[in-house]
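# I'd like to go over a predicted model; first the sequence, then the structure.
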Amino acid sequence: MATAAAPVPGFRRDATVISLVGFCHGTSHFFHFVLPTLFPWLMRDFDLTFTQVGTTMTVFFVVSGIGQALAGFVVDRLGAVRVLYGGIGLLSLAALGIGLAQNFPMLLAAAAVAGLGNSVFHPADFTLLNRSVSTARLGHAFSVHGLSGSLGWAAAPVFVAGIAETMGWRAAAIGAAIVGLVALAFLHLNRGQLRMAELPTESRKAQGGTFAFLGSGVVWMCFLFFLLAVMAFGALQNFAPPILERMYGVTLTFAASGLTAYLLGNAAGIAAGGFFARGEHQERLVAVALSFAACCAVLLASGAVPGWSIVALMGLMGFGSGFTGPSRDILVRRAATSAFGASAYGRVYGFVYSGIDTGLALAPIAFGTLMDAARYSQVLWGVAVLQGLAIVAALAVGWRSAAAIRASTPS
């Protein structure tokens, strides 16, 4: 007897799942900026250098990157909702640890706990979205996911610094812990909306074996794409204001507004990209958008444009980079399903997105040397080169995924 096809989820259910997952992602990004916002107070009270406080975030991203590659296996075995509980709980515990810290090693320990908590979100979030949201709305789902992260980034400095200035940095860290606990309670109250996304235990065995995806060229190419694209972003995130100030002779405030324009343009690009992230050949959209971003980087690196134009060029570069977000997530989905099936979403997304943490960890090291040598334009040329290499990686992902799908389709 034939089994009836499952009904396509309606708009209301899709919107509910997208909102809940976006809320969780925004929570994780909120905690990205708890420690950096507190740097001035921590440096003063613990007599720390910039290098020392920066080390806390290096620990955060190293633990997050390693943990993210492993968290996908846990998601596939235990389910995404349970793992999200653990992630938010660890972030809250880390913030409490910061608030109670008495020395620098305790801050490093708290950063490590926060990195472990942060590691679960991409594999858990994308597993829920891919299993729950109808295919026609996945582009919008990925767009909201990216935007919610940006909102989390924006909210943290205002919240944390506001409390630190009035009640002290320890109160601010404890306040962040309370935010995490409130988010955990909200997730628990709405857990029923996400439970339907969990696969039965007997369906979780990945096609080809648990670690088969590590032998897939397309999965490694996805990892490389994220590493390259995020290294370019990391260079701008860390060094754009001083680069623009010294290359174009503008004030630091005006140069910093260029980075703000990049981040705003990135958010706008993510929102717009959601309307185009459907159908075949998403790699072509990624290539076109990143080519546009790379052209902006080349113009800035050349030093030939007037100083007043740098804010507009940074905004346009951010838009091009952000536009790729939903399409790249569709590419990863295709890479996962082309050979390993839905039961491997967690491990594939976890491994691939660990490329983000790797890129963010490498960017300060790779470009800091150029900054110390006052080779500011070379950093921007490096951004353009990385974006160009990311284009090649994206096209390779699309080609390899299509080839795998053709190979698995009966003739």
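Here it is on my side, so go on.

# check the most centrally placed residue in the chain and give its pLDDT.
Closest to where the C-alpha atoms of the chain average out (C-alpha atoms, centre = their mean) is residue 356, at 6.3 Å. Residue 356 carries a pLDDT value of 85.

# tell me which element it falls in.
Here residue 356 sits within helix 345-372, counting by DSSP states H and E.

# what helices and strands are in contact with that helix?
helix 50-78, helix 121-132, helix 217-248, helix 310-339, helix 376-408 (3 or more C-beta pairs under 8 Å, 6 or more residues apart in numbering; DSSP states H and E). The way it works is simple: take the backbone N, C-alpha and C, and place the C-beta from them, glycine included.

# so the residue nearest to the centre of the chain touches residue 228, yeah?
No. At 10.9 Å, residue 356 does not count as touching residue 228 under the criterion of C-beta atoms under 8 Å.

# pull out the buried positions in the helix or strand bottoming out on mean pLDDT in the chain.
Here the helix or strand of the chain ranked lowest by mean pLDDT, DSSP states H and E is helix 191-195, holding a mean of 77. Across helix 191-195, burial judged by 16 or more other C-beta atoms under 10 Å covers 193-194.

# for it, packing partners?
On a contact count with 3+ C-beta pairs under 8 Å, 6+ apart, helix 191-195 meets helix 11-32, helix 80-100.

# could you rerun that using 10 Å?
helix 11-32, helix 80-100, helix 121-132 (3 or more C-beta pairs under 10 Å, 6 or more residues apart in numbering; DSSP states H and E).

# from residue 289, how far out is the closest residue to residue 327 other than its chain neighbours?
If the residues on either side of it in the chain are set aside, residue 327 comes closest to residue 282, at 4.1 Å by C-beta to C-beta, 6 or more residues apart in numbering. The gap separating residue 282 from residue 289 is 11 Å, by C-beta to C-beta, to the nearest Å.

# what's the overlap in contacts for the two?
Common neighbours of residue 282 and residue 289, counting by C-beta atoms under 10 Å, 6 or more residues apart in numbering, are 273, 276, 324, 327-328, 394.

# determine which two of those residues are furthest apart.
276 and 394 (14.4 Å; C-beta to C-beta).

# pick out whichever of the two has more residues nearby.
Shown here are residue 276 and residue 394; by other C-beta atoms under 10 Å, residue 394 has more neighbours (28 against 16).

# list the contacts for that one?
With C-beta under 10 Å, 6+ apart, residue 394 has these contacts: 221-222, 224-225, 228-229, 282-287, 289-290, 324, 327-328, 331.

# tell me the spacing between residue 380 and residue 366.
Taking C-beta to C-beta, one finds residue 380 at 13 Å from residue 366.

# quick one: common contacting residues for these two?
Contact criterion C-beta under 10 Å, 6+ apart; residues shared by residue 380 and residue 366: residue 235.

# between those two, which one's more packed in?
residue 380 (28 against 16).

# and that one, how close does it get to residue 296?
10 Å.

# overlap in contacts of the two?
residue 317.

# tell me which residues touch residue 332, please.
122, 126, 130, 142, 218-219, 222-223, 225-226, 282, 345, 348-349, 352-353, 397, 401.

# 6 Å instead?
222, 352 (C-beta atoms under 6 Å, 6 or more residues apart in numbering).

# tell me the pLDDT at it?
For residue 332, the model assigns a pLDDT of 80.

# now residue 134: phi and psi?
The phi and psi values for residue 134, taken as degrees, to the nearest 10, are phi -60, psi 150.
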